[in-house]
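> please work out how this folds:
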Amino acid sequence: MKINKIKIFLAASVMGLGLTSCEDFLDRPTEDSYVASGYYKTDSECIAAVDYLYNSPWYDFQRGFFKVGEVLSGNYYWGSSPYLNFSLNSNDTDLRNMSYSLWAVNGHSNIVRKYIEGGGASQAVKDQTIGECLLWKAMAYFFLVRTFGDVPIVHDNAAMIESGTYNDQPKVQKSDVYEYIVMTLEKAIELLPEHCTEGRLDKYCAKALLAKVYLTKAGVSGQLNSSDLQMAASLAKDVIDNSGRSLEPNYADVFKLEGNKSPENMIAWRWVVSSQWTSQNTFQSDLGMTGIDEYGDVWGEWGGPSVDLQDAFGFNVLDDPATRPDVDARRKATMMTVGDVIPYLWRDKGGFDYMRFEYDKTYNSGAWGEHRSPTGCNVVKHLYGNNNDHLTVLGTSAARMASSLCTPLLRLSDVYLVFAEAKVLQGQGTDTDALAAFNAVRQRAIPNAKAVTSLDFDAVWKERRLELACEGDRWYDFVRLAYYDSDRAINELKSQRRNQYWNLNLTFKNYFLTGQWLLVNEDDDGNNQSTVYDDQTPAPNVTVNSFTIPFPMEDLTFNPHLKEDAVHVDVRETYKY
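Below you'll find the predicted structure:
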């Protein structure tokens, strides 16, 4: 934990004038700043202070969010990344930024909550905004404990800094950290309003997160806890039945710019393009294809969704696009390849045509004339397209490394699957409600799919992967599984097809030029080259210790207690809200 940077968050002025209702959320960036002692006097000031928690403190987590969630889990190929081959260590820059971001969220949540408690807002707005602070704090800790395992509990930054003990905190056993998250969310549920719209957090958002926390917590002792599973199922069912939310009819709609207003995105980073650097979404720069926007800020075509993820979708880039079986709508909303046109990207050009973008200069003046993804695919989720797309939907411009596309962290469909998994783990695979939840998710993606009449863990496990692919979540599924069945988690990771294809460009380019699909083609020297998968690179060295990621070196330097054994803390006696 970086006290020098955390102090900035504690002393920082709270961000500008916001809007005062649940209905109008982050319609414009907050740009002015105020001295804390003269702030928090009105409802609008308190709401503006919390608006900041929906984006800026999370900014430095974006790359770690994807590399941990998707590259480490085997859903995404990212070259020689240590996240791909399990060689991650404490000196990794993205890991350091991830840790900084998560502790910054916690610090800002703590200090803003304290100021709001002593401020002059109405009681209703105090309750709402304190509840939002607590939910974001819980989300930060949920990432921390699933990433690093045992971590310190920083309940009150200001008190610790004043006493000089901030960097003298011991690690707390992860079972106690989970209990701390539970009590934090319980308080958030007590305070938050029943319903809010346009992306603000409400009571059911907190219940949804608490359901997922209980599902994860259930296995932390090494054996599944029935009471935790029952709580996970009960909370998830409450959200499904009473939140007023429903699944979007069209899966892809959740991830378009229009999806910023989708009630299915229960908890999301709500980015805004503004003069305040860190308020914006920069995922397109890392994941998009060079030239997709006008800003010269994209370089992601050298990676791509993994061959293993393609296998899970029953999809193979080596199949002839004209006859390729491709029945799951989630595939095309997650990854694009030869033969795909994404209608909501490059709308002014009739949609983003994957092959023409690479090979046709009349369509894309910067077309490279080659295929670059080592897996034959590029990601679709997290892309907003070009500035015309941004202007058309949101009425505002994008900017260099900046969009206002929201990033879902917890969707309603996830809650459906949390409910199904909790029931299955209790031996209730034929529960009517669990089957209904599972089938609702699956049949949205595959409308002609036959409804399943019984569930097992394998079915839910795979469905989670397909439903949430490339959304930063898959690694944490493995962590949850490893708590009580590490052998299964290890064996699956070792058996994945995590490597690349060779000579894809020859096949793809020939198909574009001739319309013929051939897996053996001549290279520039006249030699025949086959398009094949690399099955020579060995499987990663996954062990039981792989499910706890090392603390960044900077954190270990500031707080040597992170190298010591964790302690037990009775969090409900020690900490109060």
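> can you give me the helices for the stretch 101-250 of the chain?
With helices called from DSSP state H, counting those that start in this stretch, the stretch 101-250 of the chain shows them at 123-148, 157-163, 174-191, 203-217, 226-242.
> again, but for the stretch 351-500 of the chain
354-359, 387-394, 412-425, 432-445, 457-468, 474-484, 486-495.
> who wins for proximity to residue 257 among those?
Residue 257 lies closest to helix 387-394 among those, at 3.8 Å (Cβ to Cβ). The way it works is simple: take the backbone N, C-alpha and C, and place the C-beta from them, glycine included.
> around residue 67, how many other residues sit close by?
25 (other Cβ atoms under 10 Å).
> picking that back up, tell me the most buried of the helices of the stretch 351-500 of the chain?
Of the helices of the stretch 351-500 of the chain, the one with the most neighbours on average (mean count of other Cβ atoms under 10 Å) is helix 412-425, at a mean of 26.
> which elements pack onto it?
Packing contacts for helix 412-425, counted by 3 or more Cβ pairs under 8 Å, 6 or more residues apart in numbering; DSSP states H and E, involve helix 203-217, helix 226-242, helix 432-445, helix 457-468.
> pLDDT of that helix, averaged?
Averaged across helix 412-425, the pLDDT comes to 98.
> report the angle between that helix and helix 432-445.
140 degrees (axes from the mean of the first three to the mean of the last three Cα atoms, to 10 degrees).
> pick out the residue nearest the middle of this structure.
Centroid-nearest residue in the chain, with Cα atoms, centre = their mean: residue 472, separated by 3.4 Å.
> and the closest residue to it other than its chain neighbours, how close does it get to residue 109?
Nearest residue to residue 472, sequence neighbours excluded (Cβ to Cβ, 6 or more residues apart in numbering): residue 69, at 3.4 Å. Separation of residue 69 from residue 109 (Cβ to Cβ, to the nearest Å): 22 Å.
> one more: residue 161?
Residue 161 is 15 Å from residue 109, by Cβ to Cβ.
> which one's more surrounded, those two?
In this view residue 161 and residue 109 are compared by other Cβ under 10 Å, and residue 109 has more residues nearby, 27 against 19.
> and the residue lying closest to the more buried one once chain neighbours are set aside, how many neighbours?
Closest residue to residue 109 apart from its sequence neighbours, by Cβ to Cβ, 6+ apart: residue 137 at 3.9 Å. For residue 137, the count of nearby residues is 27 (other Cβ under 10 Å).
> am I right that residue 137 is in contact with residue 107?
No. With contact defined as Cβ atoms under 8 Å, residue 137 does not count as touching residue 107 (9.5 Å).
> would it be right to say that the residue nearest to residue 472 lies in a helix?
Yes. Judged by DSSP: H, G, I helix; E, B strand; the rest coil, residue 69 forms part of a helix.
> hang on, the earlier thing: mind checking which of the helices of the stretch 351-500 of the chain is nearest residue 63?
helix 474-484 (14.0 Å).
> low-confidence stretches in this structure?
1-38 (pLDDT under 70).
> what about 50?
Residues of the chain meeting the criterion pLDDT under 50: 1-21, 23-35.
> what about the strands in it?
Listed in chain order, the strands of the chain (DSSP state E) span 14-15, 33-34, 76-77, 265-269, 304-305, 335-336, 341-342, 352-353, 378-379, 407-411, 501-502, 520-522, 528-530, 532-533.
> so which of those strands is the most surrounded?
When those are compared using mean count of other Cβ under 10 Å, strand 304-305 is most buried, at a mean of 30.
> how about residues contacting it?
75-77, 334-335, 373-379, 469-470 (Cβ atoms under 8 Å, 6 or more residues apart in numbering).
> stretch 355-371 now?
Under Cβ under 8 Å, 6+ apart, the answer for stretch 355-371 is 289-292, 338-339, 349, 353, 372, 504-505, 508-509, 511-513.
> could you list the buried residues of that stretch?
Using 16 or more other Cβ atoms under 10 Å as the test for burial, stretch 355-371 gives 355, 356, 357, 358, 359, 363, 364, 367, 368, 371.
> got the phi and psi for the nearest residue to residue 85 once chain neighbours are set aside?
Nearest non-adjacent residue to residue 85, counting by Cβ to Cβ, 6+ apart: residue 540, 5.2 Å away. Backbone dihedrals for residue 540, given as degrees, to the nearest 10, come out at phi -70, psi 160.
> would you agree residue 540 is in contact with residue 498?
Yes. Taking Cβ under 8 Å as the definition, residue 540 is a contact partner of residue 498 at 6.8 Å.
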